[in-house]
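Asks: Build me a model from this:
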Amino acid sequence: MTLGGEKNMSNDPLAAFRRQQPQPTGEQSMIRSQPPAKGLKSYEAYKAQDAQPERLKIRRVLGDWRAPGYRYLMDVSWNGDFQTKLALIFSMYTVEITGKNLNPVIYAIVDGHCDFIQDFDAREFAAPADPKQPVIEEIKFIVGSEDNK
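Replies: From the prediction side, this is the model:
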């Protein structure tokens, strides 16, 4: 070390392994400032498993994720054969789910085997190839009389 606090490179045993990073200039700096391109993920509305999970993970693309315990699930309500609406009534809030072809999701939750549910957003996921596949269009949390989208 010199008196000014700078390292003396001749006494630095790691100097040979250090590299100076070049500063981006012109076109290189424009390329680095753009977010990296990425492909869309494949969409799964839900995942059922053989074991009974303790919690139902609720994933929202544009909102908070939550994981309430199944032990707090007091009731499940849906609109029968229409398969488009589902309400999960927990002791602390209600989760309203709208979509299409929701029967597999409904019965996975009713049977206590659903690990997670997630909503569909075209900016995040590729559209499902099978038109009969469940698609969750919206997940909304209702706490008391407040609406927490």
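
Asks: any idea how far Trp65 is from Met92?
Replies: Using CB to CB, to the nearest Å, Met92 is found at 16 Å from Trp65. No exception for glycine: its C-beta is placed from N, CA and C like everyone else's.

Asks: Doesn't Gln109 belong to a helix?
Replies: Small correction: residue 109 is Ile, not Gln. Yes: assessed by DSSP: H, G, I helix; E, B strand; the rest coil, Ile109 belongs to a helix.

Asks: could you point out the longest strand in the chain?
Replies: For the chain, the strand with the greatest residue count under DSSP state E is strand 135-143.

Asks: mind listing the strands in this protein by residue range?
Replies: 41-42, 46-48, 57-59, 73-78, 85-90, 94-100, 114-118, 125-126, 135-143, 146-148.

Asks: Show me what the second one is packed against.
Replies: When you say that, I think you mean strand 46-48. Counting contacts by 3 or more CB pairs under 8 Å, 6 or more residues apart in numbering; DSSP states H and E, strand 46-48 packs against helix 103-110, strand 114-118.

Asks: How far does it sit from its chain's centre?
Replies: 14 Å (CA atoms, centre = their mean, to the nearest Å).

Asks: Most tightly packed of the helices and strands packed on strand 46-48?
Replies: Mean neighbour count (mean count of other CB atoms under 10 Å) peaks for strand 114-118 among the helices and strands packed on strand 46-48, with a mean of 20.

Asks: neighbours around the closest residue to Gln133 other than its chain neighbours, how many?
Replies: Leaving aside its sequence neighbours, Gln133 sits nearest to Asn101 (CB to CB, 6 or more residues apart in numbering; 6.4 Å). Using other CB atoms under 10 Å, Asn101 has 17 neighbouring residues.
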